[in-house]
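**Student:** Okay, here's the prediction I keep looking at, along with the sequence it came from:
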Amino acid sequence: MPTVTVIPPTADLLESVSRLIPSDSSDLSRTLVVFPGQRPAHFLRKALGRRTRSAYIPPRILSYVDFGEFLAVGKLGTSARAVEPIDAAAILFDVHCAIKDRFGGEEFLSLEQFLPISSTSLKNCIWQISRSPRSGESSGV
């Protein structure tokens, strides 16, 4: 079962993510990290390189927007078109409702409540899924 961790905005993002990524393997390709944007990916790879001090296969690192498309491909089975923002928000809402310790607790449990925060508050969070599906497996989302 995948592990999802939401890191609070007060925490050091790169340090927190780096600690969550397994250090006992040089193959991190089954680890998925989602950042609010694309820039932190460079700094995470650099930090992991310093930590391992040898060659390694990096984790899959996606931005918030790319994560929406990643979920759409797994859930909708389509890769022919880019995911529209409303579609990505709906998919992220499904993920949000499935998380036990969800952002906002018992708030934002209707799509109408969730939409305003889907493009703002969730961009400030990180979702780290420690076990991505093996090839041939469904993403389960």
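**Tutor:** Structure's in. What do you need?
**Student:** use CA for all of it now, contacts and neighbours both
**Tutor:** Noted.
**Student:** how about the nearest residue to Leu62 once chain neighbours are set aside, phi and psi?
**Tutor:** Nearest residue to Leu62, sequence neighbours excluded (CA to CA, 6 or more residues apart in numbering): Val34, at 4.9 Å. Torsion angles at Val34 (phi, psi; degrees, to the nearest 10) stand at phi -120, psi 120.
**Student:** Check what pLDDT Val34 gets.
**Tutor:** Per-residue confidence (pLDDT) for Val34: 86.
**Student:** give me the beta-bridge partners of it?
**Tutor:** With beta bridges defined as DSSP bridges, Val34 has these partners: Leu62, Trp127.
**Student:** Check the gap between it and Thr5 for me.
**Tutor:** Distance, Val34 to Thr5, using CA to CA, to the nearest Å: 10 Å.
**Student:** Who has more neighbours out of these two?
**Tutor:** Val34 (23 against 18; other CA atoms under 10 Å).
**Student:** check contacts around Ser23.
**Tutor:** Counting by CA atoms under 8 Å, 6 or more residues apart in numbering, Ser23 touches Thr52.
**Student:** host element of it?
**Tutor:** Using DSSP states H and E, Ser23 sits in no helix or strand.
**Student:** Next, the distance between the ends of stretch 8-26.
**Tutor:** From the first residue to the last, stretch 8-26 extends over 28 Å; the measure is CA to CA.
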